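K.L.:
Show me the folded form of this:
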Amino acid sequence: MPSVLKSMPRGLLAAVVIAMAMAACAPPTTIPPPIPAPPAQMPETGERHAYRIAEDLAAARSARAPAAFEAFLAKFPDSPLVPQALMRLGELHQGRGDLVAAGTAYRRLISDHRRHSLAPRALVALVTVDQQQGDFKSLLVHSRILPPQRLAPADGQVVQRLRIEALLNLKRWEKAAQEAVVAWQAASDEESRAKLADQLARAVAGLSPQALARLEGQAMTTGARDLVQRLSRDSAFDTFTIGCMLPLSGAYATYGQGALRGAEMALAHFSARPSAPKVRMIIEDTRSKADKATDIVQAFSRQRVAAILGPMTIAAEAAAAEAQRQAIPIIVFTQREDMPDRGDWVLRYFITPHNQVEALVRWASTRGGIQRFAVLYPKDKYGETFMARFSEAVAAHGAELVGTVAYDPASTDFAHPIRRLGAMGLGRQRDADALFIPDAPAKAALIIPQLAFHNLTGLRVMGVNLWQDRALIEMADRFAEGVVFPSGFFPEQTDSAAAVFSQDFQAAYGQQPRYIEAVAYDATMVLLEALSQPGVGESRIQLRRALTQAPPYNGLTGEGYFDSRGELYQSLPLVTVRGGDFVLLDRLPLPPHTSFTRIP
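P.N.:
Below is the predicted model of the structure:
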């Protein structure tokens, strides 16, 4: 027999044996009756043994543990172990979902043992129970039972955030904002500040102009004042009004007009849903100039738009900078690599060099059995960008880049660079190597036949989305067979959503859609879906969160989502040439991404 049991008084020992036997025999799906209370004649030293019994039952996760602590409290109301017993009793009830009983235990501990070291811990637990029950008025009362200095800093922050959350739920916007400002200034880490800033944004969104003026008149640090002012601008928006700025005239008008048609079709399809909110789109022409972009974004801010679609080309940089300053989410259509790094409010929905090379290398290494790659690229900004991104993708997938060779973009004779590729040993193992050529289809059509002329065969030739052009097949002829490239938009699949869109677009506008129409459709639909999420109307911060935490959208241009930076992470369809025509080769599933989190 264990030494602990040997040392027990006989009456207590009998109670322990009976309790343990009943616990072992009781079916797990039923709640057994309370354990018998210790006998009245138990000597004073028995209280520690009784407490140990309850703790052992709790450690064994026995359903009898709460009754054991209740019996202890009834038998030994003056024991110094009462605070511990109350704390454990509350935790057991809370863990089992009996929040009313848990709250009773925590309140009793705080009320009867206010100076005990467990009282602050019980307070945190009590307000958590209030929050779980949705009893926000009680939470506000209970959170002030003990002075704040009794709580550890981390516990104090938890209680304060729960208080602010309760005030928000009770729609006491001004009080919530005041407390959030004070807490934000006192917070010592960025994570806490970010959570408090979110709460402050929700509070500011509910303030009347008079209440906002009172808040701005409150004493606060410069950083806090800047935050309040930014959030007050952010909160003043119409949830279902969006801006759309595109080059509808000037050098890029054909692309801007195409993007507008795609956006309008998305809005029409979205609005046709029975429960869809009515969304207004304000359209502005950038005239293909950068100097108009800033003025247009400022006008959108005055018109209280929730977000901005566009622009593209040279206007994107200026528009993104102003949207960042105005704290308005903006979804730009540009390949410029550093665009999402312009700020938290800048997102990009457009095919990029990174997306293209990731699709190619992932397919080649996982489906094509290819582990050795080379790059033949034009020595210009376009070619060098693709070469750098391709090199990174090869390394990321654990493959080998055997070499890179540049050529003069103005050249039409590629004998010298091709011979340099041959010297690297490329193509000696049939179907084991791939050559990436990031150039326009007309230039690629000159290079591909010359590979065979110089006996560089057995290569899988890969290119960029620009190769989706009949000029490639017509110029390279049979040598184009088997090339692989990513497509931004491939409607040739007759049973796909892209095919249906293509038919609808043809019927509406009398022409076939291009990538620009499809990507504008997808970006608009992603934005409209985000605007219809609960809580988004509280602030633009909530809208941005809805955009960057949304599950992947399976759109016309591929499955994709915004990562935490606002960058589009997308799985593109891969196309090949077969029998003198473009055909869909593969569409890999979207891989997991470390920045991706679903909306809770």
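K.L.:
what's residue 376 in contact with, if anything?
P.N.:
With contact set as C-beta atoms under 8 Å, 6 or more residues apart in numbering, residue 376 has these partners: 404, 405, 407, 414, 417, 418, 421, 435, 436, 437, 447. In short, each C-beta sits where N, CA and C put it, glycine included.
K.L.:
Can you get me a residue count around the last one?
P.N.:
By that I understand residue 447. By other C-beta atoms under 10 Å, the residues close to residue 447 number 22.
K.L.:
for the third one, same thing?
P.N.:
Residue 407 has 21 neighbouring residues, counting by other C-beta under 10 Å.
K.L.:
one step back: tell me the most packed of the contacts of residue 376, by neighbour count.
P.N.:
Among the contacts of residue 376, residue 436 has the most neighbours (other C-beta under 10 Å), with 29 neighbours.
K.L.:
Let me see the backbone angles for residue 401.
P.N.:
Main-chain torsions, residue 401, degrees, to the nearest 10: phi -100, psi 110.
K.L.:
Residue 369 versus the nearest residue to it once chain neighbours are set aside, what's the distance?
P.N.:
Setting aside the residues directly before and after it, residue 401 is nearest to residue 394 in space (C-beta to C-beta, 6 or more residues apart in numbering), at 4.7 Å. For residue 394, the distance to residue 369 (C-beta to C-beta, to the nearest Å) stands at 15 Å.
K.L.:
likewise residue 498?
P.N.:
Applying C-beta to C-beta to residue 498 and residue 369 gives a distance of 29 Å.
K.L.:
Who has more neighbours out of the two?
P.N.:
Comparing residue 498 with residue 369 by neighbour count (other C-beta under 10 Å), the higher total belongs to residue 498, at 23 against 10.
K.L.:
thinking again about what came up before, which of the contacts of residue 376 scores worst on pLDDT?
P.N.:
Ranked by pLDDT, these bottom out at residue 421, which has 88.
K.L.:
Can you tell me the SS state at it?
P.N.:
For residue 421, the secondary-structure state derived from DSSP: H, G, I helix; E, B strand; the rest coil is helix.
K.L.:
was I right about it contacting residue 435?
P.N.:
Yes. Residue 421 lies in contact with residue 435 (C-beta atoms under 8 Å); the separation is 7.1 Å.
K.L.:
shared neighbours of those two, which are they?
P.N.:
Residues touching both residue 421 and residue 435 by C-beta under 8 Å, 6+ apart: 374, 376, 456.
K.L.:
Roughly how far does the first one sit from residue 90?
P.N.:
Same thing as residue 374. The spacing between residue 374 and residue 90, counted by C-beta to C-beta, is 67 Å.
K.L.:
One more: the last one?
P.N.:
When distance is defined by C-beta to C-beta, residue 456 is 76 Å away from residue 90.
K.L.:
Comparing these two, which residue is more hemmed in?
P.N.:
residue 90 (28 against 21).
K.L.:
Show the low-confidence segments of this structure, by residue range.
P.N.:
Per-residue confidence of the chain (counting by pLDDT under 70) places the weak regions at 1-45, 209, 426-432, 493-495, 591-600.
K.L.:
biggest helix in it, by residue count?
P.N.:
Using DSSP state H, we find that the single longest helix of the chain is helix 253-271.
K.L.:
didn't residue 587 look like it was pressed against residue 573?
P.N.:
Yes. Here residue 587 lies in contact with residue 573, judged by C-beta under 8 Å, at a distance of 4.6 Å.
K.L.:
Residues that sit against both of these two, list them.
P.N.:
residue 558.
K.L.:
Could you check which of those two has the larger neighbour count?
P.N.:
The neighbour count for residue 587 versus residue 573, taken as other C-beta under 10 Å, is higher for residue 573 (22 against 19).
K.L.:
Hmm, residue 557 and residue 571 touching each other?
P.N.:
No. Using C-beta under 8 Å, residue 571 makes no contact with residue 557, being 10.0 Å away.
K.L.:
Quickly note the distance from residue 526 to residue 533.
P.N.:
Distance from residue 526 to residue 533, by C-beta to C-beta: 11 Å.
K.L.:
So which of these two has more stuff around it?
P.N.:
Using other C-beta under 10 Å, the more surrounded residue of residue 526 and residue 533 is residue 526, with 23 against 16.
K.L.:
Now do the same contact list for that one.
P.N.:
By C-beta under 8 Å, 6+ apart, the contact set of residue 526 is 331, 349, 547, 550, 553, 555, 562.
K.L.:
would you turn the residues you listed into a markdown table with neighbour count, distance to residue 478 and secondary structure?
P.N.:
Listed next are the contacts of residue 526 as a markdown table, based on neighbours: other C-beta atoms under 10 Å; distance: C-beta to C-beta, whole Å; DSSP: H, G, I helix; E, B strand; the rest coil:
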| residue | neighbour count | distance to residue 478 | secondary structure |
| --- | --- | --- | --- |
| 331 | 25 | 42 | strand |
| 349 | 26 | 37 | coil |
| 547 | 23 | 46 | helix |
| 550 | 18 | 45 | coil |
| 553 | 19 | 39 | strand |
| 555 | 22 | 34 | strand |
| 562 | 27 | 42 | strand |
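K.L.:
Using CSV, please lay out the residues you listed together with distance to residue 94.
P.N.:
Shown next, in CSV, are those (distance: C-beta to C-beta, whole Å):
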residue, distance to residue 94
331, 44
349, 45
547, 36
550, 33
553, 39
555, 44
562, 38
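K.L.:
so which of these would you say is closest to residue 254?
P.N.:
Set against residue 254, the nearest of these by C-beta to C-beta is residue 349 (19.4 Å).
K.L.:
What is the neighbour count of the spatially closest residue to the closest one that is not a sequence neighbour?
P.N.:
Counting by C-beta to C-beta, 6+ apart, the nearest residue to residue 349 once its immediate chain neighbours are dropped is residue 523, at 3.8 Å. The criterion is other C-beta under 10 Å. On that basis, residue 523 has 27 neighbouring residues.
K.L.:
list the contacts for residue 523?
P.N.:
Residue 523 makes contacts with 263, 309, 331, 333, 349, as judged by C-beta under 8 Å, 6+ apart.
K.L.:
Which neighbouring elements make contact with the helix or strand containing residue 70?
P.N.:
When elements are assigned from DSSP states H and E, residue 70 belongs to helix 65-75. Using 3 or more C-beta pairs under 8 Å, 6 or more residues apart in numbering; DSSP states H and E as the contact test, the elements touching helix 65-75 are helix 46-59, helix 82-95.
K.L.:
mind checking how far the helix or strand where residue 228 lies is from the chain centre?
P.N.:
Of the helices and strands defined by DSSP H and E, residue 228 is found in helix 222-235. A distance of 24 Å separates the centroid of the chain from that of helix 222-235, by C-alpha atoms, centre = their mean, to the nearest Å.
K.L.:
Equivalent analysis for stretch 341-355, please.
P.N.:
Relative to the centre of its chain, stretch 341-355 is centred 14 Å away, using C-alpha atoms, centre = their mean.
K.L.:
so how far does stretch 164-177 reach from one end to the other?
P.N.:
8 Å (C-alpha to C-alpha, to the nearest Å).
K.L.:
Contacts for that stretch, please.
P.N.:
Contacts with stretch 164-177, where a contact means C-beta under 8 Å, 6+ apart, come from 130-131, 134, 136-137, 139-140, 143, 179-180, 183, 196, 199-200, 202-207, 211, 214-215, 228.
K.L.:
how many other residues sit next to the nearest residue to residue 136 once chain neighbours are set aside?
P.N.:
Closest residue to residue 136 in three dimensions, ignoring its sequence neighbours and counting by C-beta to C-beta, 6+ apart: residue 166, at 3.8 Å. Applying other C-beta under 10 Å, we find 22 residues neighbouring residue 166.
K.L.:
what does residue 75 give?
P.N.:
By other C-beta under 10 Å, 16 other residues sit near residue 75.
K.L.:
what does residue 471 give?
P.N.:
By other C-beta under 10 Å, the residues close to residue 471 number 14.
K.L.:
which element is it on?
P.N.:
Going by DSSP H and E, residue 471 is in helix 470-476.
K.L.:
what's that helix packed up against?
P.N.:
Applying 3+ C-beta pairs under 8 Å, 6+ apart, we find helix 470-476 packed against helix 441-453.
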